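Q: below is the structure, and that's it, no one-letter string:
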């Protein structure tokens, strides 16, 4: 990854595309955590890739790549979110699972649905991206305590809706049912 | 505490699990990639790369030349401003002394 970033910074378009390909699922998960639908997430990812390509030469250190990319993505998501809010007030419509959707995708989306809107991004950044509390606070322009609180509340909501129904004796994880309606 | 750790693990497992990108997201990504490929082909940077021209090296020469030119200009300005000082410099001093003398004759500043 480090080598790819360095090549991309030096203007290697192929390395950049490979880098984006490797990070596309992570980007999708973050965008989905903020925007809550695939169409908007797709738009956010498309413009993030183009902005990253345009600005990659400004990246000082390869190790900051992920934070830098996620920050651009969050800004794009915020922009889309604000535009959408202006056009019509956002109402969360439960998504009908696609027939080709994998169990992993379904579980991911369900878990996001279990928690309150404003806790989703914190949950994604902490568990999926592996960012530390301080890094999340910086990325979202929030106080560290606010991030901690949101994380605790998100966990609590998941616990209530998801973990309370423990797997039956001998049952597998996939046999578990989500309880939130 | 133990339950918290277990819950953490469960959440992490679900959040981190890989799956294929939804189709519309994949096509948006492909559209961006296609645009980048086009841009990369059109940009002079990629052409330079293809032709094997060492761009950074060329940039180094341009920068070095600009630096040398700046130093020479500064030196010239100092020497013109103070011909007495310039006259003391070996090699170049002789030139400035001649120029200074001719100027004195031309402007009629000669004290003789």
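A: Nice, I can see it. Just so you know, these numbers come straight off a predicted model, no measurement behind them. Numbering: from 1, shown residues only, chains lettered A, B, ... in the order given.
Q: from residue A:98, how far off is the residue positioned nearest the centre of chain A?
A: A centroid search over chain A (C-alpha atoms, centre = their mean) returns residue A:30, at 1.3 Å, as the residue closest to the centre. Distance, residue A:30 to residue A:98, using C-beta to C-beta, to the nearest Å: 20 Å. All C-beta spots, glycine's among them, are computed from the backbone N, C-alpha and C.
Q: for the residue nearest to the centre of chain A, give me the pLDDT.
A: With respect to pLDDT, residue A:30 has a value of 93.
Q: what sits against it?
A: By C-beta atoms under 8 Å, 6 or more residues apart in numbering or on different chains, the residues touching residue A:30 are A:70, A:73-74, A:77, A:121, A:124-125, A:128-129.
Q: go again using 7 Å as the cut-off
A: By C-beta atoms under 7 Å, 6 or more residues apart in numbering or on different chains, the contact list for residue A:30 reads A:70, A:73, A:124-125, A:129.
Q: please, where are all the helices along the chain?
A: Because you didn't say which chain, this covers chain A. Using DSSP state H, the helices of chain A run over residues A:2-9, A:13-35, A:38-55, A:65-87, A:103-114, A:117-123, A:133-140, A:144-158.
Q: chain B, not that one
A: B:2-16, B:23-42, B:44-50, B:55-81, B:83-87, B:92-107.
Q: for the fifth one, name the packing helices and strands.
A: To tie it back to what came earlier, the one meant is helix B:83-87. Counting contacts by 3 or more C-beta pairs under 7 Å, 6 or more residues apart in numbering or on different chains; DSSP states H and E, helix B:83-87 packs against helix B:92-107.
Q: got the residues of chain B near chain A?
A: B:7, B:10-12, B:14-22, B:24-25, B:28-29, B:31-33, B:35-37, B:40, B:45-46 (C-beta under 7 Å from any C-beta of the partner chain).
Q: let's see it at 8 Å
A: Contact residues, chain B versus chain A (C-beta under 8 Å from any C-beta of the partner chain): B:4, B:7-8, B:10-12, B:14-25, B:27-29, B:31-33, B:35-37, B:39-40, B:45-46, B:49.
Q: output the lowest mean pLDDT helix or strand found in chain B.
A: Every helix and strand in chain B was compared by mean pLDDT, DSSP states H and E; the lowest is helix B:44-50, with a mean of 50.
Q: follow-up on the earlier one: restrict the contacts of residue A:30 to those near chain B?
A: Near chain B, by the rule C-beta under 8 Å from any C-beta, you find residue A:124 out of those.
Q: give me the buried subset of the contacts of residue A:30.
A: Buried subset of the contacts of residue A:30 (neighbour count, 16 or more other C-beta atoms under 10 Å in any protein chain shown): A:70, A:73, A:124-125, A:129.
Q: of those residues, closest to residue B:71?
A: Closest approach between those and residue B:71, by C-beta to C-beta: residue A:70, at 45.4 Å.
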